[in-house]
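Trainee: Curious how this folds, go ahead:
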Amino acid sequence: MLDVKQTVQDAADTLGEHLQERKVDMKFDGRLKAIEHNLKQVDKRIEALGKRFPRRQGSGFPFGLVLVAGLGYALYNPSTRQKLLDLLGNVSPAARDTLQGVLGSAGDAVDEVKAGRDPKAAVKDAAQDIGDNVKANADDMKRDAQKAGDRLADKAGDVADRAADKTKDVADDAKRGVDRLADKAQDKANDLKH
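Mentor: Model prediction:
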């Protein structure tokens, strides 16, 4: 009788666990359906935006937007601007000067728009100034880049030479160590013969 009571109790416990699991599964299914519904809504919104603002050409990554945002950040953050200019000046003074000109032109355009000038005209003039600045400094920037590349190549050659010397030194040390071991082994062999 005790076994029957225990068996019924175990069966009731198992049934209760199954019911509890089923409730959890049902809640999960409900939440999953809600998530799927929300994802469908997001997909519809993205699709609507895609129709409203179709992609033009290119990889799809907004490099231009990133560039404009970066320039804007550099323009309005003097600390970042100066660090960037100093770093760039170490590699290419011409590139630093060009970037200063670009930032100056962009700043002038912003100031002109704030003063009431037509934004299209201000941006067009700034773009023209930036293009002229880049063209004027292109040869100098190319020369600076070539010099930087040459300096890097020289440093790489020096590092390679030092590495070759160290490798030769290590090989020589290893050979001397092996020779010493061979001599000791020969001495031990000779001692055993006598």
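Trainee: Can you give the domain ranges for this structure?
Mentor: Structural domains annotated on the chain: 63-139, 148-194, as defined by automatic domain parsing.
Trainee: Turn the ones you listed into TSV, including mean neighbour count and distance to residue 46.
Mentor: Backbone N, C-alpha and C define where each C-beta goes, glycine included. As requested, these are exported to TSV (neighbours: other Cβ atoms under 10 Å; distance: least, Cβ to Cβ, whole Å):
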stretch	mean neighbour count	distance to residue 46
domain 63-139	14	18
domain 148-194	10	43
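Trainee: Generate JSON lines for the ones you listed, with mean pLDDT as supplementary columns.
Mentor: Formatted as JSON lines, the domains of the chain follow (pLDDT from 0 to 100):
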{"stretch": "domain 63-139", "mean pLDDT": "80"}
{"stretch": "domain 148-194", "mean pLDDT": "81"}
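Trainee: Averaged pLDDT, whichever helix or strand residue 49 is part of. What do you get?
Mentor: Element membership for residue 49, per DSSP states H and E: helix 2-52. Confidence over helix 2-52 (mean pLDDT, whole number) is 75.
Trainee: Next, name the residue at the spatial heart of the protein.
Mentor: Nearest to the mean C-alpha position of the chain, counting by Cα atoms, centre = their mean, stands residue 66 at 13.5 Å.
Trainee: name the helices or strands packed onto the helix holding residue 49?
Mentor: With contacts taken as 3 or more Cβ pairs under 8 Å, 6 or more residues apart in numbering; DSSP states H and E, helix 2-52 sits against no other helix or strand.
Trainee: Same list, the domains of the chain, but as CSV with distance to residue 21 please.
Mentor: As requested, those are exported to CSV (distance: least, Cβ to Cβ, whole Å):
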stretch, distance to residue 21
domain 63-139, 49
domain 148-194, 64
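Trainee: of those, which approaches residue 27 most closely?
Mentor: Of all the domains of the chain, it is domain 63-139 that lies closest to residue 27, at 42.4 Å by Cβ to Cβ.
Trainee: tell me, which helix in this structure spans the most residues?
Mentor: helix 119-193 (DSSP state H).
Trainee: on that earlier part again, which one of the domains of the chain lies nearest to residue 11?
Mentor: That would be, of the domains of the chain and by Cβ to Cβ, domain 63-139, which comes in at 64.8 Å.
Trainee: now that closest one: how far from the chain's centre is it?
Mentor: The chain centroid and the centroid of domain 63-139 are separated by 23 Å under Cα atoms, centre = their mean, to the nearest Å.
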